[in-house]
Each structure stands twice: as structure tokens, then as C-alpha cells.
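> Generate a structure from the sequence data that follows.
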Amino acid sequence: MSLPRHAISLHRVALLLLDALSLGSGTLASAQQGRPGLLHGHVVVRASGEGVPGARVVLNAHDTIVADTGGRFDVVREEGHYLLEVSAPGYSPEAWRIKLRDGKTLEHVFELEPAYELPGVVVEGKRPPSDARFADFERRRHSGTGYFITQEQIERSRAATLVDVLASVRGIEQVCTANDCLAKMVRSPPGCLPQYFLDGHESTPYFARHTPPRDIRGIEIYRGSSETPAEFLGTNSGCGVIAIWTKSAP
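This next block holds a predicted model:
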């Protein structure tokens, strides 16, 4: 059965309209798909919400965008995932991951925290006690009173015993008996032997004079009470004082 002529014409018009609509819809979808994604960004202070002027935005560690005076910026890119690193002077840097979609607009607020600088801290190290006590040795050595022997001088002398070291000092003589050798101030009377101090403490002559030279850091020698400092006035300091400082004393 054939359709009337006017019915055929209406049918053709309907088909044409459907084709046009289909073509238009496809063109619109294609046009929308071809548009890049858009990000409207705003960098603000987290606490106040105020814009951060001139904030620096680095996109995927490559492209750099600078926000305007209000902290706003735009990013136009094709669809994909992006890493945004946002920083500004006086603020702690932050990073965000965002996804842009073709033809879509994304708005995002990026909040930064102020970077608080702690006041400088001065760390004062304490000198080891051994250095503190030896500072007094150096102070007295530069006062010009007494005679001083340093560790370097002892090492250069290659002396085998402490008495050998002391005997090299002007005003000290070595007195030897059958069993031992002693150091004595030349101007002291016979039998008047010097008072020994070992690391700041009064010591017996026998114990002190057997201190190995390799263990000694410094020696102070005072030939009489007139030049002896108050800290070394002991029971027998009138015969002279020999103060020995060892390397390992506390």
C-alpha cells in the first residue's frame, strides 16, 4: 500500500530534522570535548582568608604562574592530573593535586600558613673541666711569675723521668742517693725539698715525682714562697713548689 504524497513529504521532513538534531548534538559534544579544562585559583591566608599577593604557583614542577595582587590566578590545560606547588615569601609552601576535565571549569582555594621564625638560639658549650683548670695554668704562665714547662717542651726533651725534666730548669738541681734521685731548689738549704701539687692537690713527693713525663700536660715551678701563688701555699711551700698537671685529670 502506497502512502499519499503529502504523507511522504512529512516523513522526509521528520527524517531531515532528526539528522539535523543528531548532527548538531554530535558537533556540540565534539566542540565541548575539544575545549581545555580551566582552573580559577585563589591563594589565601588560612586564618583570615585574605588573598596572598604575588603567590608563586608551579605546575608539575615545570610551569610557573604568578598570582595577581589579590592572590588569584588561572590555569588552562588539557584534561589530566596536575601537581600544584604554591609558595609565597613569609608562608610555608604547600602542594595540591587537582584534576582538570575537558570543557570544565574548576574553582579552588589554596590556603597557606604563615611561616613563623623562631628567635635565634645561642648555644654555649661548656668547656671540659680539664680545659677549665688548664686555663689557669695558661693564665699564670703569662703572668711572668714562676717557671713553666709545657707539654711540647716535655715531649722534645725525651726525658725518661720527671726529675730529668726538672733538672733542666735553671735554679733546680738533681740530688741523687743510692736509691733515688730528687729535685731540689738550688737556694734551699739541705734537706729542704719542694712541695708537690698534682692536678691542683697537695701530693707526697714520692708519688708526684714518679709521674711518667708522657702523662704530663704542664708543670709550674715556683722557687720560693715570694713567687708562689696563694693556691699553692702548702705545708712545705717555703722550699719551693712544683705543680704538675696531667693529661687525664678530671
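> Going by C-alpha atoms from here, please, whenever you check contacts or count neighbours.
Noted.
> Buried residues of stretch 85-92, list them for me.
Glu85, Val86, Ser87, Ala88, Tyr91 (16 or more other C-alpha atoms under 10 Å).
> ok, Ser203 touching His210?
No: the pair Ser203 / His210 is not scored as a contact, 11.5 Å apart, by C-alpha atoms under 8 Å.
> So which of the two has more stuff around it?
More crowded of Ser203 and His210, by other C-alpha atoms under 10 Å: Ser203, with 17 against 11.
> tell me the contacts of that one?
Gln195, Tyr196, Phe197 (C-alpha atoms under 8 Å, 6 or more residues apart in numbering).
> What residue spans form the domains of the protein?
Domain ranges of the chain: 36-114, 129-246, per automatic domain parsing.
> Can you add mean pLDDT and give those domains back as CSV?
Output for these, formatted as CSV (pLDDT from 0 to 100):
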stretch, mean pLDDT
domain 36-114, 93
domain 129-246, 87
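> from the middle of its chain, how far away would stretch 87-102 be?
Stretch 87-102 sits 30 Å away from the centroid of its parent chain (C-alpha atoms, centre = their mean, to the nearest Å).
> got a list of contacts for it?
Against stretch 87-102 from outside (C-alpha under 8 Å, 6+ apart): 32-39, 52, 54-57, 77-86, 106, 112-116.
> Can you give me the end-to-end span of it?
27 Å (C-alpha to C-alpha, to the nearest Å).
> related to what we said a few turns ago, got the contacts of Ser203 as JSON lines, with distance to Ala159, neighbour count and secondary structure columns?
Shown next, in JSON lines, are those (distance: C-alpha to C-alpha, whole Å; neighbours: other C-alpha atoms under 10 Å; DSSP: H, G, I helix; E, B strand; the rest coil):
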{"residue": "Gln195", "distance to Ala159": "21", "neighbour count": "23", "secondary structure": "strand"}
{"residue": "Tyr196", "distance to Ala159": "19", "neighbour count": "27", "secondary structure": "strand"}
{"residue": "Phe197", "distance to Ala159": "20", "neighbour count": "22", "secondary structure": "strand"}
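> Output the residues you listed as TSV; include the columns distance to Glu173.
Formatted as TSV, those follow (distance: C-alpha to C-alpha, whole Å):
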residue	distance to Glu173
Gln195	15
Tyr196	16
Phe197	19
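> ok, of these, which one's closest to Thr69?
Phe197 (76.2 Å; C-alpha to C-alpha).
> Angles on the backbone of the nearest residue to the closest one once chain neighbours are set aside, please.
Spatial nearest neighbour of Phe197, excluding adjacent residues (C-alpha to C-alpha, 6 or more residues apart in numbering): Ala243 at 4.5 Å. Main-chain torsions, Ala243, degrees, to the nearest 10: phi -110, psi 120.
> for Asp164, same thing?
Dihedral angles (degrees, to the nearest 10) for Asp164: phi -60, psi -40.
> Distance check, it against Gln174.
Distance from Asp164 to Gln174, by C-alpha to C-alpha: 8 Å.
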